[in-house]
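Student: Give the three-dimensional model of this entry:
(chains A and B)
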Amino acid sequence: MATSSPDLVALIQQLPDADTPGQASKFTGPAPADAERLCRALLEGGAESVRGLIRSLREPGHPEFRDFRAEYLLHCAVLQVGQPGRQAQRALLAETLVAEAANAGLSKPVRRLLLRELHMVGDERVVPALGALLADEDLCQDAASTLVAIRTGAAEELTAALGRARGKCRLVLIESLGAVPSTESAGALSGALGDGDPDIRMAAAWALARLGDASAAEPMLRVAGGASGYERIKVTQACLLLAEHSVAAGRKPVAARIYQHLHDTRTDATEGYVRELAAQALATLK
Amino acid sequence: MKSAVGLSDRRVRGDHAYPRRRFLGAVGGAVVGFLIVPRHVLGGEGYTPPSETVGGALIGCGGRGEGTFQEMRDLKPVRLASCDVRWLDRADNRTTYTDFRRVLERKDVDVVAIATPPHWHALIAIAAMEAGKDVLCEKPMTRFIAEGRAVAAAEKRYGRIFQIGTFGRFGASRNPSHVLTRKLMRSGLLKPCPGVVIHRGGLKVKEWSGLVNAKPQPVPRQLDWDLYVGPSPMKPYHPHRVGGTHRGYWDYEGGGLADMGQHALDPFTWIYGKDDTAPVEIEAHAPPAHHEVCGMWGWVELKYADGLTLVLDSGEWGESYERKKPRGVSIEDLPTEARAQVRALPDPEPLRSFAEAVRTRKPAGGNAEAAHRTACLMHLANLAIRVGRKIRFDPVREVVIGDEAAHRWVDQPMRAPWHL
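Tutor: Have a look, this model is predicted:
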């Protein structure tokens, strides 16, 4: 709840400027105690104060861009409320950040900046709002990265968005599901193994391996066997990762099948290291 | 005590021939029974038959590129490929490349030197090892903690050789007093450890600070900006973000601390036996960090579980560190019986050079685990600087304890299509 509305311009002007504008800045922030005071003043103004600060942001290159200090003050506030024990202020800041990240009246670079600030203070309460940004070509990467940082509830949003995603966003979502594995995504990821884009196939194989999806073993081995070059290297790596996860999950037969297949098919001398490590792994399974 | 470097130098300079595919193909630390045939017998003095040729590649050909490749010279690698994202106007995909993936596809490349900016080190090192290559990687090893763990996992999984491009521990390991300190620390008998190591200056804090007001500029036509940015968040191009000054941006490195820390701290981790652990409490004295550029900081105190304290005092901001005085550790800190126990411990195994490690398929002196633990010191220090509060770290699980927001810097999301 706001107790007073600070003069945002006055707050910003109390921050030190870069040492030599246009040159390497040798960037120096204010003394920690001064920063604490300025951030407290900002946060005491509540959501309205934070919103005001956000709406004053302009990206470098924008005709109205003055200097870095407004976004730096926002970042200082993020750092402060990220401290354990400041949950109420953290929630206020996070909810304001995500609401403004969805604000189509702001520029895409500013909205991306807000999503990156949410990396540090976002929690499960902002997850649905982030999910709504996953179809935006300009925002999906930062929204997905923030979801991955938050983790809780991220996989559900990513999986839900995957079905309707296209192009760059589809790749982003598959990669992100590798970082926060979810059984709900297994079907969609398996389908992606047959995609025409090698980046999608490699991302899907990695995500399925991270998920430890035993049913993916055969299709992944087929994709690896049919691939060449970098894709063969990466999908083979995913097969090995799946084998390791299978062992950890007590599914030794799945791991044995993967290792045996790699041992039997990596017969070229240049892939001897794969054959050899597969043989070693098989020996440990007996 | 044997001289680690002296021993390896003699072996490296010898005229022994090691069939390329035999020594590069072995996995998992197994020592291969090498064919020892003097090279001149096969093809005359100085002749190297194709089967012995070590194919080399350099990825990242700016500043430290040539120097990093030269660190592999004892293997006499033939440079087959050079790769740099600034070569869109000259890459022929036969000997010059812009995309490291095309280099790693080459089956005739056995060893790879990596001298890109550090945000690429882990991903390229991992991919190279997945492709069966051995790796010599310029410092700093990584940009954040989870990257180092992933490199160490890849080194182990694929049985490849990884050596970080800093060698301070090799010199330290030849010093008898350092060997005794290592034995003392590794014995676990010094509890609590009263040692306080203060590293003052030399961390180039002002030198590697970025531009906070940089306005976007057109991408040069020869630069693949998307590939340069790689796993880091996409930002508009500015020349200050490339070509050495990249060090001043969190997206690509971590300021002078990351740039110089691996050099400065590589001997420390060896001497004090901290190659397999990390500090548990980290506290920094610094102004609030900027979200894009690395800035000033005063000092960082890093305390290990056994009590050993490492202090990094930049000497470039605020008051000097005065909390504790430097304090060495000595065998005299132990009771008499315990001293004898320490002295009776075997000397540490001599450190293997990159070339010797490649030939024997045993870990290099600056292997991934050791390099990662040294890099963790810089990353934890930078983490404390960035969040502006004391953090506690679990060196086994490699997580920040009780501060979930701070932990998010330990394992940072990557931009698609890149992942660890």
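Student: Low-confidence stretches in chain B?
Tutor: Scanning chain B for pLDDT under 70 picks out B:1-51.
Student: Roughly how far does the residue most central in space within it sit from residue A:203?
Tutor: Among the residues of chain B, the one closest to the centroid is residue B:141, at 3.2 Å (C-alpha atoms, centre = their mean). Note on residue B:141: its distance to residue A:203, by C-beta to C-beta, to the nearest Å, is 25 Å. Where you see a C-beta, it was placed from the backbone N, CA and C, and this is true even at glycine.
Student: Residue A:121 now?
Tutor: Distance of residue A:121 to residue A:203, given as C-beta to C-beta: 28 Å.
Student: what does residue A:12 give?
Tutor: For residue A:12, the distance to residue A:203 - C-beta to C-beta - is 41 Å.
Student: Please apply the same query to residue A:189.
Tutor: 9 Å.
Student: so what sits against both of these two?
Tutor: Residues touching both residue A:189 and residue A:203 by C-beta atoms under 8 Å, 6 or more residues apart in numbering or on different chains: residue A:174.
Student: low-confidence ranges in chain A?
Tutor: Within chain A, the ranges that satisfy pLDDT under 70 run A:1-4, A:19-25.
Student: Apply 50 and report the result again.
Tutor: Across chain A, the ranges flagged by pLDDT under 50 are A:1.
Student: For the residue most central in space within it, list the residues it contacts.
Tutor: Computing the C-alpha centroid of chain A and ranking residues by C-alpha atoms, centre = their mean puts residue A:145 first, at 1.7 Å. Listed by C-beta under 8 Å, 6+ apart, the contact set of residue A:145 reads A:115-116, A:119, A:176, B:233, B:413-415.
Student: tell me which element the residue nearest to residue B:204 when sequence neighbours are not counted falls in.
Tutor: Spatial nearest neighbour of residue B:204, chain neighbours left out: residue B:256 (3.0 Å); criterion: C-beta to C-beta, 6 or more residues apart in numbering or on different chains. Element membership for residue B:256 (DSSP states H and E) is helix B:255-271.
Student: do the same with residue B:123
Tutor: helix B:121-130.
Student: Residue B:147 contacts residue B:420, correct?
Tutor: Yes. Here residue B:147 lies in contact with residue B:420, judged by C-beta atoms under 8 Å, at a distance of 6.3 Å.
Student: which residues are in contact with stretch A:199-215?
Tutor: With C-beta under 8 Å, 6+ apart as the criterion, stretch A:199-215 contacts A:170-171, A:174-175, A:177-179, A:181-183, A:185-186, A:189-190, A:192-195, A:216, A:220, A:223-224, A:227, A:231, A:234-235, A:237-239, A:241-242, A:245-246, A:248-249, A:251, A:254, B:416-417, B:419.
Student: who's more crowded, residue A:12 and residue A:203?
Tutor: Taking other C-beta atoms under 10 Å in any protein chain shown, residue A:12 and residue A:203 do not tie; residue A:203 has more neighbours (30 against 21).
Student: Now do the contacts for the nearest residue to that one once chain neighbours are set aside.
Tutor: Using C-beta to C-beta, 6+ apart and skipping the chain neighbours, the partner closest in space to residue A:203 is residue A:174 (4.3 Å). Listed by C-beta under 8 Å, 6+ apart, the contact set of residue A:174 reads A:162, A:189, A:192, A:200, A:203-204, A:207, B:416.
Student: One more pass at 6 Å, please.
Tutor: By C-beta atoms under 6 Å, 6 or more residues apart in numbering or on different chains, residue A:174 lies in contact with A:192, A:203-204, A:207.
Student: Give me the distance between the residue lying closest to residue A:111 once chain neighbours are set aside and residue A:136.
Tutor: Distance criterion C-beta to C-beta, 6+ apart; nearest residue to residue A:111, sequence neighbours excluded, is residue A:101 at 5.0 Å. According to C-beta to C-beta, residue A:101 and residue A:136 sit 10 Å apart.
Student: Residues of chain B that sit close to chain A?
Tutor: By the rule C-beta under 6 Å from any C-beta of the partner chain, the part of chain B lying against chain A is B:21, B:25, B:27-28, B:101, B:105, B:107, B:130-132, B:206, B:209, B:211-213, B:215-216, B:287-288, B:290-291, B:293, B:295-296, B:388-389, B:403, B:405, B:408, B:413, B:415-417, B:419.
Student: what's around residue A:66, how many residues?
Tutor: Residue A:66: 12 surrounding residues under other C-beta under 10 Å.
Student: Can you tell me the element the residue lying closest to it once chain neighbours are set aside falls in?
Tutor: Excluding the flanking residues, the one nearest residue A:66 by C-beta to C-beta, 6+ apart is residue A:58, at 7.4 Å. For residue A:58, there is no enclosing helix or strand under DSSP H and E.
Student: doesn't residue A:65 make contact with residue A:58?
Tutor: Yes. Contact status for residue A:58 versus residue A:65: in contact at 4.2 Å, counting by C-beta atoms under 6 Å.
Student: Between those two, point out the one with more neighbours.
Tutor: Neighbours were counted for residue A:58 and for residue A:65 using other C-beta under 10 Å; residue A:58 has more, 18 against 15.
Student: Tell me how far that one lies from chain B.
Tutor: 11 Å (C-beta to the nearest C-beta, to the nearest Å).
Student: Distance of that residue relative to residue A:111?
Tutor: Distance from residue A:58 to residue A:111, counting by C-beta to C-beta: 12 Å.
Student: same check, this time on residue B:222
Tutor: Relative to residue A:111, and taking C-beta to C-beta, residue B:222 is found at 31 Å.
Student: about what we covered before: what are the phi and psi values at the residue nearest to the centre of chain A?
Tutor: Main-chain torsions, residue A:145, degrees, to the nearest 10: phi -60, psi -40.
Student: Check the one 3 residues further on too.
Tutor: The phi/psi pair for residue A:148 (degrees, to the nearest 10) reads phi -60, psi -40.
Student: residues near residue A:9, how many?
Tutor: With other C-beta under 10 Å as criterion, residue A:9 counts 10.
Student: Then the one 4 residues further on?
Tutor: The number of residues packed around residue A:13, counting by other C-beta under 10 Å, is 10.
Student: Secondary structure element holding residue B:150?
Tutor: Assigned by DSSP H and E, residue B:150 falls in helix B:145-158.
Student: Which strands or helices does that helix pack on?
Tutor: Applying 3 or more C-beta pairs under 6 Å, 6 or more residues apart in numbering or on different chains; DSSP states H and E, one finds that helix B:145-158 makes contact with helix B:121-130, helix B:368-387.
Student: how about CSV for these, with mean neighbour count added?
Tutor: Below are these laid out as CSV (neighbours: other C-beta atoms under 10 Å in any protein chain shown):
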stretch, mean neighbour count
helix B:121-130, 26
helix B:368-387, 27
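Student: For these, please prepare CSV with the additional fields distance to residue A:35.
Tutor: What follows is those, written out as CSV (distance: least, C-beta to C-beta, whole Å):
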stretch, distance to residue A:35
helix B:121-130, 32
helix B:368-387, 13
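Student: Show me what from the stretch 51-200 of chain A comes close to chain B.
Tutor: Selection of the stretch 51-200 of chain A residues close to chain B by C-beta under 6 Å from any C-beta yields A:60-61, A:67-68, A:75-76, A:79, A:82-84, A:119-120, A:141, A:145, A:148-149, A:171-172, A:175, A:178, A:199.
Student: now do 8 Å
Tutor: Contact residues (C-beta under 8 Å from any C-beta of the partner chain) of the stretch 51-200 of chain A with chain B: A:60-61, A:65, A:67-68, A:71-72, A:75-76, A:79-80, A:82-84, A:90, A:109, A:112, A:116-117, A:119-121, A:141-142, A:144-146, A:148-149, A:168, A:171-172, A:174-176, A:178-179, A:199.
Student: could you flag which of those are buried?
Tutor: Among these, those classed as buried by 16 or more other C-beta atoms under 10 Å in any protein chain shown are A:60, A:67-68, A:71-72, A:75-76, A:79-80, A:82-83, A:90, A:109, A:112, A:116-117, A:119-121, A:141-142, A:144-146, A:148-149, A:171-172, A:174-176, A:178-179, A:199.
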